[in-house]
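Q: have a look at this prediction, sequence included:
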Amino acid sequence: MRLLRTSRFWAACLGGWMLLALVETATTHFDALRAGRPSQPAWVLFDRALADLIWFGVAALVFVTMDRAMARNVRGSVIALRSALLGIALAPIYMLWGPTWYAFVHGDGWSSVPRSIGRVAVATVLWDLFLYSMLTLSASIVLMTRRSRGQERAGVELRARLAHAELELLRAQLEPHFLFNALNTIAGLIRVARPDLATTALAKLSELLRYVVEASRQERVPLAWELEFVANYLELQQMRFGPRLQFAIHESAAGRSCDVPPLLLQPLIENAVVHGVARTSDPVTIDIHVATVAGELRVAVGNTRDRSAGPDRDSTGVGLTNTRQRLERMYGEDFAFDAGPDGPDHYRVTISLPHRVAYA
């Protein structure tokens with residue numbers, strides 16, 4: 001919201017000028033008492049309030065002029081020149097108003113205006129010049145500070161939107177892989193004339209897709225949902241690989257209640273299937289361990305492997321790379337990701353995240 005469009009700002013400005021009028025009235029009143037002169041505080045207050053009300057109008061012109069110039073990205077030197085020209089334009093009006101008011105209150109009306117101009121204008125010109133300079137300086141500081149904060153806020157919002165867009169892109173890159181492998185499984189069942197298993201697999205795929213659609217709309221989901229999803233996915237893959245694929249999930253109640261990014265485990269499981277099961281004819285066991293350790297949620301996905309099937313994979317595959325990048329966008333440096341061999345015949349990916357209870 002633009003600062004000058006808020007009623008609170010203008011109320012604060014008006015209150016400040018009226019407070020100045022009260023201070024000036026009190027100063028004039030006590031000066032008169034010390035000098036032994038008669039004092040009329042009510043009249044002085046009216047006089048000062050009227051004068052400061054005019055200054056409030058001047059302040060409004062200065063703020064509005066400078067705000068519009070800054071909104072159009074006008075250079076600072078041009079803004080300063082405009083402020084000076086505005087002051088020059090307003091000076092004759094103010095210098096005539098003050099002496100005229102003084103002549104009618106303390107003099108003989110129009111006939112004493114010329115004398116009042118010399119007396120009042122000379123006495124107040126330095127103060128008025130100082131006041132106008134302070135006014136333009138204050139307006140510059142207030143508006144530039146407000147503008148800087150607005151730009152900073154806009155930058156933060158833009159970075160957040162970009163990070164969200166990157167997360168969505170990374171997530172979108174994962175889903176086609178999952179769908180492609182699931183359809184491959186169903187196609188394989190159809191080729192070997194197992195319509196009963198193909199029907200069951202289609203039902204499993206329907207459940208998986210329903211979860212993908214629902215989870216993709218949320219920033220975080222309970223880990224229990226993720227574990228159920230990967231269990232269904234691995235059961236679907238078992239229809240493809242048969243007894244060659246075994247899996248086990250070791251979980252804790254505290255770990256299940258933590259919240260995690262949606263589809264966090266899917267690329268890790270798929271990584272284990274593609275690089276573990278699909279590369280060998282030997283049985284492969286995929287194990288998932290969930291635990292909470294020292295205020296952290298620790299999730300490990302491992303699989304046995306046949307070392308003769310090919311060289312060790314590294315942690316630069318699309319699935320693992322995207323997972324690491326998603327965690328960096330969401331947690332900054334407050335996470336750990338480790339992927340690599342865990343002994344001669346085992347591979348493990350371990351993720352450590354802050355322990356956050358879902359829907360706490």
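A: That came in fine, so what should we check first?

Q: what about T292, how many residues close to it?
A: When neighbours are counted by other C-beta atoms under 10 Å, T292 registers 16. Any C-beta I mention is one placed from the backbone N, CA and C, and that applies to glycine too.

Q: which SSE is it in?
A: According to DSSP states H and E, T292 maps onto strand 284-293.

Q: in this structure, what spans have low per-residue confidence?
A: Along the chain, the parts satisfying pLDDT under 70 run over 1-6, 73-130, 132, 143, 155, 158-181, 192-193, 306-317, 358-360.

Q: and the strands in it?
A: 221-222, 245-250, 259-260, 284-293, 296-304, 336-341, 346-354 (DSSP state E).

Q: ok, which of those comes nearest R48?
A: R48 lies closest, by C-beta to C-beta, to one member of the strands of the chain: strand 346-354, at 60.2 Å.

Q: so which bits of the closest one are buried?
A: Applying a neighbour-count criterion of 16 or more other C-beta atoms under 10 Å, one finds 347-353 buried in strand 346-354.

Q: again with stretch 332-341
A: The neighbour-count check on stretch 332-341 (16+ other C-beta under 10 Å) flags 335, 337, 339 as buried.

Q: endpoint to endpoint, that stretch covers what distance?
A: Using C-alpha to C-alpha, to the nearest Å, the end-to-end distance of stretch 332-341 comes out at 26 Å.

Q: farthest pair in the buried residues of strand 346-354?
A: Y347 and L353 (20.7 Å).

Q: return the distance of Q218 relative to D31.
A: Q218 sits 70 Å away from D31, going by C-beta to C-beta, to the nearest Å.

Q: all the helices of the stretch 151-300 of the chain, in order from the start?
A: Assigned by DSSP state H, counting those that start in this stretch, the stretch 151-300 of the chain shows helices spanning 195-215, 223-241, 253-256, 266-272.

Q: same for the last one, what does it pack against?
A: Counting contacts by 3 or more C-beta pairs under 8 Å, 6 or more residues apart in numbering; DSSP states H and E, the secondary-structure elements packed against helix 266-272 are helix 122-191, helix 223-241, strand 284-293, strand 296-304, helix 318-331, strand 346-354.

Q: ok, now with 10 Å
A: Packed against helix 266-272 by the contact rule (3 or more C-beta pairs under 10 Å, 6 or more residues apart in numbering; DSSP states H and E) you find helix 122-191, helix 195-215, helix 223-241, strand 245-250, strand 284-293, strand 296-304, helix 318-331, strand 346-354.

Q: and the ones you listed as TSV, adding distance to R48?
A: As requested, the helices and strands packed on helix 266-272 are arranged in TSV below (distance: least, C-beta to C-beta, whole Å):
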stretch	distance to R48
helix 122-191	13
helix 195-215	67
helix 223-241	69
strand 245-250	80
strand 284-293	69
strand 296-304	66
helix 318-331	59
strand 346-354	60
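
Q: closest one to A278 among the ones you listed?
A: helix 223-241 (7.9 Å).

Q: coming back round to it: for A11, find the nearest of the helices and strands packed on helix 266-272.
A: Among those, helix 122-191 comes nearest to A11, with 15.1 Å by C-beta to C-beta.
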